[in-house]
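Colleague: Here is a sequence with its predicted model. Questions after.
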Amino acid sequence: MENCIRKTIEENEKKILSPRACLAAESRGRSRAEEECEIRTCFQRDRDRIIHCQSFRRLKHKTQVFLAPSGDHYRTRLTHTLEVSQIARTIARALKLNEDLTEAIALGHDLGHTPFGHAGERAINSLSSFDFKHYEQSVRVVERIEKNGAGLNLTDEVKNGILCHTKGEEAYTLEGQIVRIADRIAYINHDIDDAIRADVLTEEAIPLDLRLALGMTKGERINNMVINVIENSKAKIRMDADFYKLFMELHTFMFHAVYTNPICKSEEVKAVAMIEKLFEYYMNNPFELPGEYYNISETDGVERAVCDYIAGMSDTYCVKIFNQLFIPKFWIE
């Protein structure tokens, strides 16, 4: 191509973005060197690789909070991911940070999440001899599992943002830090929305002082939270200390009202039991693992491969495999 579009984009980033932004032209690069694309920057390519990968598509059938909801409008892990991406991109654009990098991290942050939400994550962690954390598994997905073991070969900045999106050390890019707070803004608000839809919660049940300070509706809360982040972020991505305290009080309220509510968690015991049975079965019968996971068992061990396989399942696929292995099939005349 006579005029390299990618180079033009990279030059425009240098002119337009904040000095604190992570520029595509200055990326730390990939584990395996590749020829650059003439059209897309490295972060644009990472975003596209994530969108087109199998793990991303499976998110549409993975639980966010409500297991196997019958309604069409409850969030799944995929719609959650899209909401995180939208909020994160809004913050990145306002702060003149790299929107492409932010979007890639946001779209990839939950690729390693288990079926049945955090109940599935806790189940696999209790069964394995190593610490199983979904954010670490998300990095493993893009490094080791996708594309039959070849991985997606993403840039270091994207992988670091994915790894640091929940707990522990913050991402070394501001874009990664944005995704971390956008994730929390997204899930606290859409979980309230879903809980109201499920008649588990009413808007009026949220303490009035929190609603007056943070917003009286979902839209107001998201808007106020995003604005607060934009107005208070400089060297780090932050909310104002007083506002953040109220934000955390809302999380505490949701923990008691929704996240530990027996109505929301009524099916978790069954989900955990399924995972336990599948784990035991494949530990004893590793040769029945799909080919790509059997290959992992030969290099990384059976336990690691079994955890990879079960963690990658969607809710519906997990139920399907459980039924095939443990539910008797009836003869039909």
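Modeller: Everything's here; your move. Numbers count the residues shown, from 1 in each chain.
Colleague: Hmm, Ile145 and Gln54 touching each other?
Modeller: No - look at Gln54 against Ile145 with C-beta atoms under 8 Å: they stay out of range, at 9.2 Å. The C-beta positions use only the backbone N, C-alpha and C, and glycine is treated the same way.
Colleague: and these two? which has more neighbours close in?
Modeller: Higher neighbour count among Gln54 and Ile145: Ile145, with 26 against 12, using other C-beta atoms under 10 Å.
Colleague: show me where the stretch 51-200 of the chain has helices.
Modeller: Taking DSSP state H, counting those that start in this stretch as the criterion, the stretch 51-200 of the chain carries its helices at 54-58, 77-94, 99-108, 117-127, 134-140, 156-163, 174-197.
Colleague: Identify, out of those helices, the most deeply packed stretch.
Modeller: helix 99-108 (a mean of 29; mean count of other C-beta atoms under 10 Å).
Colleague: Tell me which of the helices of the stretch 51-200 of the chain approaches Ile327 most closely.
Modeller: Nearest to Ile327, of all the helices of the stretch 51-200 of the chain, is helix 117-127, at 19.6 Å by C-beta to C-beta.
Colleague: how many degrees apart are that closest one and helix 77-94 in direction?
Modeller: Angle, helix 117-127 to helix 77-94, by axes from the mean of the first three to the mean of the last three C-alpha atoms, to 10 degrees: 110 degrees.
Colleague: Can you show me the CA trace of helix 117-127 as PDB?
Modeller: Provided in PDB are the C-alpha atoms of helix 117-127 (Å, rounded to 0.1, in the frame of the first residue of the first chain):
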ATOM      1  CA  GLY A 117     -20.500 -16.700  37.100                       C
ATOM      2  CA  HIS A 118     -18.500 -16.400  40.200                       C
ATOM      3  CA  ALA A 119     -20.000 -19.600  41.600                       C
ATOM      4  CA  GLY A 120     -18.300 -21.500  38.900                       C
ATOM      5  CA  GLU A 121     -15.100 -19.700  39.500                       C
ATOM      6  CA  ARG A 122     -15.200 -20.500  43.200                       C
ATOM      7  CA  ALA A 123     -16.000 -24.200  42.400                       C
ATOM      8  CA  ILE A 124     -13.000 -24.600  40.100                       C
ATOM      9  CA  ASN A 125     -10.800 -22.800  42.600                       C
ATOM     10  CA  SER A 126     -11.900 -25.200  45.300                       C
ATOM     11  CA  LEU A 127     -11.300 -28.300  43.200                       C
END
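Colleague: mind checking how far that helix is from the chain centre?
Modeller: Centre-to-centre, helix 117-127 and its host chain are 15 Å apart (C-alpha atoms, centre = their mean, to the nearest Å).
Colleague: residues making contact with it?
Modeller: Residues outside helix 117-127 that contact it (C-beta atoms under 8 Å, 6 or more residues apart in numbering) are 62-65, 67, 77, 113-114, 116, 131-134, 265, 268, 271-272, 275-276, 279, 307, 310-311.
Colleague: can we see that at 6 Å?
Modeller: The contact list for helix 117-127 (C-beta atoms under 6 Å, 6 or more residues apart in numbering) reads 63, 114, 132, 134, 268, 271-272, 275, 279, 307, 311.
Colleague: re earlier: let's have the helices of the stretch 51-200 of the chain in a markdown table, adding distance to Tyr317 and mean pLDDT.
Modeller: Converted to a markdown table, the helices of the stretch 51-200 of the chain look like this (distance: least, C-beta to C-beta, whole Å; pLDDT from 0 to 100):
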| stretch | distance to Tyr317 | mean pLDDT |
| --- | --- | --- |
| helix 54-58 | 8 | 97 |
| helix 77-94 | 13 | 98 |
| helix 99-108 | 20 | 98 |
| helix 117-127 | 12 | 96 |
| helix 134-140 | 17 | 98 |
| helix 156-163 | 23 | 98 |
| helix 174-197 | 22 | 96 |
